[in-house]
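> how does the following fold in three dimensions:
(chains A and B)
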There are 2 protein chains.
Amino acid sequence: MAQSFIPVRENIQHMQGYAPGEQPTDPTVIKLNTNENPYPPSPRVLEAIAAVTADQLRRYPSPDARVFREAAAEVHGLTPEHIITVNGGDELLAYAVRAAAAAGDGVAYTVPSYSLYPVLADMQGARHVHVRFAIDNADWHMPEDAFDHLSGKAGILLITNPNAPSGTLLSEALLRRALERFRGLVLVDEAYVNFARRDALSLVHEYANLLLLRTMSKGFSLAGIRFGYGVGSPKLISELHKVRDSYPCDAVSIAAATAALKDLPYAASTWELIKTGRGRVAAELKEMGFTLPESQTNFVLAYVPEGHDAAHLYEGLKQRHILVRYFRLPHLTNALRITIGTPQQNNRLLEELKALTGR
Amino acid sequence: MAQSFIPVRENIQHMQGYAPGEQPTDPTVIKLNTNENPYPPSPRVLEAIAAVTADQLRRYPSPDARVFREAAAEVHGLTPEHIITVNGGDELLAYAVRAAAAAGDGVAYTVPSYSLYPVLADMQGARHVHVRFAIDNADWHMPEDAFDHLSGKAGILLITNPNAPSGTLLSEALLRRALERFRGLVLVDEAYVNFARRDALSLVHEYANLLLLRTMSKGFSLAGIRFGYGVGSPKLISELHKVRDSYPCDAVSIAAATAALKDLPYAASTWELIKTGRGRVAAELKEMGFTLPESQTNFVLAYVPEGHDAAHLYEGLKQRHILVRYFRLPHLTNALRITIGTPQQNNRLLEELKALTGR
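The predicted model follows:
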């Protein structure tokens, strides 16, 4: 080669990229590892996709997905100016970090939580500021003063609520305390909020430093189309529009996401099925000796019974064509994160776990 | 509000976002302003979209669009490891700037060219390094030593080739000189290359610091699905995978783009029609007294005849329901950028311009 050096910044060359969960191609695998909704999207979605014309494919899409923002404004009782759409929720995380943290600034995030957060901080060349859960096996607890002393240390605070992988929900009082004491952007990632007893939407009217992240991936069964959105004060949202891609969402995904959001009763029916399944899976796992934080998501974090090994159970399930998530990380080495599936999938999981644990 | 400050970096608050070309909702408007292909995508594309299943929508897509990368590797005589896919070409520009230029570094780009480049530099908090065309009305010319002294001043050099808005093509010798003398990443944005007499693909084997950008938007009539890809040495591409979104491309757009790329003869037939149209439009404009750089793209940059005003012609065409692009920028105030349309659209454009100029 005439030139063989790699013209990429050192911090990129040294960093690790994000490793997504396994995506098996074998259709017989029961996939309980990446928190997808086990039910198909609304039939309206397939109709909307079929109605996309050759001319819509040929032309640039709406730069700001106007039709979706109008639908979301109506669903949430807000205005389109409160909404920004993105190519999957991860993209909003990237925009927010870019907008609020310069290189050398801090990016604060709860730990353990979404493993993309440190990757985003690395990309920005930012310092990592950890806000740690107090954890005692299945007891996850965020100290009351956890967010009190971040001002000046970080430009942005990332909170997954409900949290992954614990499934737990922070109190509204704690969120308010973060929003009041932290002089920076507070991004509350509500990827799993459709399965929780409460959301933080009403706080948008009170705090201009709050950015909520929603996704169509889990609650609306549309992980395949990559569509998320942010909700915040119009002033904040208008700043984020400056750092976004010129056309983040495509014509097909805008049509699909809008159809899905408008068919809220259908999506809500899947949430009820999943919450019922979650109750049953949690109860049966407890009977088998697992311990679990109280999940407000579409997955459970199950700490394995004494005398068992989570890595072995993960491998055993995999051999039996059931994929769950295992994290070789502090506080998580003796736990499995299990997505709630259909009743049939949940049954298979519970049967195989019984066989593997002998309980 | 309990909190009303805007928690966004100062450089973001002061910057201007990118302003895309107008997207009229009136379907009777003849849209010659954003360089879309006037012909529909291959019928195979609509078939591929119709074949997407509810299960594909529900699940996460392939994180690296494997099936497209295999198709592109075959078309270009490369391996999938030479290819990275993105949610529209603009996303690759953002990734490349992020990977190669730290805050405070320089981002070098040709001027005048794509107006997104300075926005990307601003986002990264980078210095702007301009590499200027020598311009005398319709005569655009890049000085031979233009790229010789950028090392140390910039981490990345962005070249649109063929260039927009001039439509002109740099020589291979000049590209080689940039690749050899500049100790940084050279991104050659080949958005318009399907309409040019030559591409830079073979240089990928020689220069590890070369990143080619391709898009499905123009040549393949798929601006609506947001799909582009980068081509470079496997080592460079593997670094870019680290800074990309976890799932940049969705299941539907992967299926659509793959179908379009595989039906190369169809796309190539549209390129021939457009090149024929370009020849005719250019010839007739010249007869009317316009002067034009030699276009290797799907648009022409037309300098208006003496005694006429480009802004007035732009407005006059708009009143007659024809949208072209007018830039209130140095060297461009007396020119219109006109996308080549179908023969019928080209006829309408030429008729209206004749009426407006009295020629």
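> show me the shaky parts of the stretch 1-150 of chain A.
Within the stretch 1-150 of chain A, the stretches with pLDDT under 70 are A:1.
> and A:L157, bridged to which residues?
Note on A:L157: beta-bridge partners A:A108, A:V186, judged by DSSP bridges.
> how many neighbours does it have?
Applying other C-beta atoms under 10 Å in any protein chain shown, we find 27 residues neighbouring A:L157. Glycine gets a C-beta too; all of them are placed from N, C-alpha and C.
> so who does it touch?
A:108-109, A:131, A:147, A:150, A:178, A:182, A:184-187 (C-beta atoms under 8 Å, 6 or more residues apart in numbering or on different chains).
> 7 Å - rerun?
A:108, A:147, A:150, A:178, A:182, A:184, A:186 (C-beta atoms under 7 Å, 6 or more residues apart in numbering or on different chains).
> and those, which is closest to chain B?
Nearest to chain B among those: A:G184, at 4.9 Å, using C-beta to the nearest C-beta.
> that closest one contacts A:L158, correct?
No. If you go by C-beta atoms under 7 Å, A:G184 and A:L158 don't touch, sitting 10.7 Å apart.
> who's more crowded, those two?
Using other C-beta under 10 Å, the more surrounded residue of A:G184 and A:L158 is A:L158, with 27 against 24.
> do you know how far the more buried one is from A:L336?
24 Å (C-beta to C-beta, to the nearest Å).
> domain ranges for chain A?
Split into domains by automatic domain parsing, chain A comes to A:10-35+A:265-357, A:43-263.
> any idea which of these is most buried?
Mean neighbours per residue, mean count of other C-beta atoms under 10 Å in any protein chain shown, is largest over these for domain A:43-263, with a mean of 21.
> contacts only, for A:L313.
A:L313 makes contact with A:304, A:336, A:353, A:356, according to C-beta under 7 Å, 6+ apart.
> is the residue nearest to the last one when sequence neighbours are not counted in a helix, a strand, or coil?
In space, not counting the residues next to it along the chain, A:L356 is nearest to A:G316; the distance is 4.5 Å by C-beta to C-beta, 6 or more residues apart in numbering or on different chains. For A:G316, the reduced secondary structure class is helix; criterion used: DSSP: H, G, I helix; E, B strand; the rest coil.
> so A:G316 makes contact with A:T357?
No. With contact defined as C-beta under 7 Å, A:G316 does not reach A:T357; the gap is 9.2 Å.
> which one of the contacts of A:L313 is nearest B:N87?
A:L336 (32.5 Å; C-beta to C-beta).
> what's that closest one sitting at in phi/psi?
Dihedral pair for A:L336: phi -120, psi 140, per degrees, to the nearest 10.
> go on, A:I30?
The phi/psi pair for A:I30 (degrees, to the nearest 10) reads phi -90, psi 120.
> what's near enough to touch it?
Shown in contact with A:I30 (C-beta under 7 Å, 6+ apart): A:321-322, A:341, A:345, A:348.
> if I look at the nearest residue to it once chain neighbours are set aside, how far off is A:A138?
With C-beta to C-beta, 6+ apart as the criterion, A:I30 has its nearest non-adjacent residue at 4.6 Å, and that residue is A:I322. Distance of A:I322 to A:A138, given as C-beta to C-beta: 21 Å.
> likewise A:P265?
Counting by C-beta to C-beta, the gap from A:P265 to A:A138 is 34 Å.
> same check on A:I12?
For A:I12, the distance to A:A138 - C-beta to C-beta - is 37 Å.
> same check, this time on A:A94
Relative to A:A138, A:A94 is positioned 32 Å away (C-beta to C-beta).
> do the same with A:K354
Per C-beta to C-beta, A:K354 is found 20 Å from A:A138.
> quick one: strands adjacent to the helix or strand harbouring A:L211?
Applying DSSP states H and E as the criterion places A:L211 in strand A:210-215. Strand A:210-215 sits in its sheet next to strand A:185-189 (parallel), strand A:228-232 (antiparallel), going by DSSP bridges.
> show the backbone phi and psi for the nearest residue to A:L350 once chain neighbours are set aside.
Closest residue to A:L350 apart from its sequence neighbours, by C-beta to C-beta, 6+ apart: A:E284 at 5.2 Å. Main-chain torsions, A:E284, degrees, to the nearest 10: phi -70, psi -40.
> wait, A:E284 sits on A:N347?
No. Using C-beta under 7 Å, A:E284 is not in contact with A:N347; the gap is 9.5 Å.
> circling back to that earlier point, turn the contacts of A:I30 into a markdown table, columns for pLDDT and secondary structure.
Formatted as a markdown table, these follow (pLDDT from 0 to 100; DSSP: H, G, I helix; E, B strand; the rest coil):
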| residue | pLDDT | secondary structure |
| --- | --- | --- |
| A:H321 | 97 | coil |
| A:I322 | 97 | strand |
| A:G341 | 98 | coil |
| A:Q345 | 98 | helix |
| A:R348 | 98 | helix |
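> tell me which two in the residues you listed are the farthest apart.
Pairwise distances among the contacts of A:I30 were taken by C-beta to C-beta; the largest, 12.8 Å, belongs to A:H321 and A:G341.
> element containing the most centrally placed residue in chain A, please.
By C-alpha atoms, centre = their mean, the mean C-alpha position of chain A lies nearest to A:A191, the distance being 3.9 Å. When elements are assigned from DSSP H and E, A:A191 belongs to no helix and no strand.
> would you map the strands across chain A?
Applying DSSP state E to chain A gives strands spanning A:30-31, A:83-86, A:106-111, A:127-132, A:134-136, A:139-141, A:156-160, A:185-189, A:210-215, A:228-232, A:299-303, A:322-323, A:335-339.
> can you list the strands that the second one pairs with?
When pairing is defined by DSSP bridges, strand A:83-86 lines up against strand A:228-232 (antiparallel).
> and the contacts of the partner strand?
When contacts are defined by C-beta under 7 Å, 6+ apart, strand A:228-232 is touched by residues A:72, A:76, A:78, A:82-86, A:88-89, A:91-92, A:201, A:204, A:210-216, A:237, A:240.
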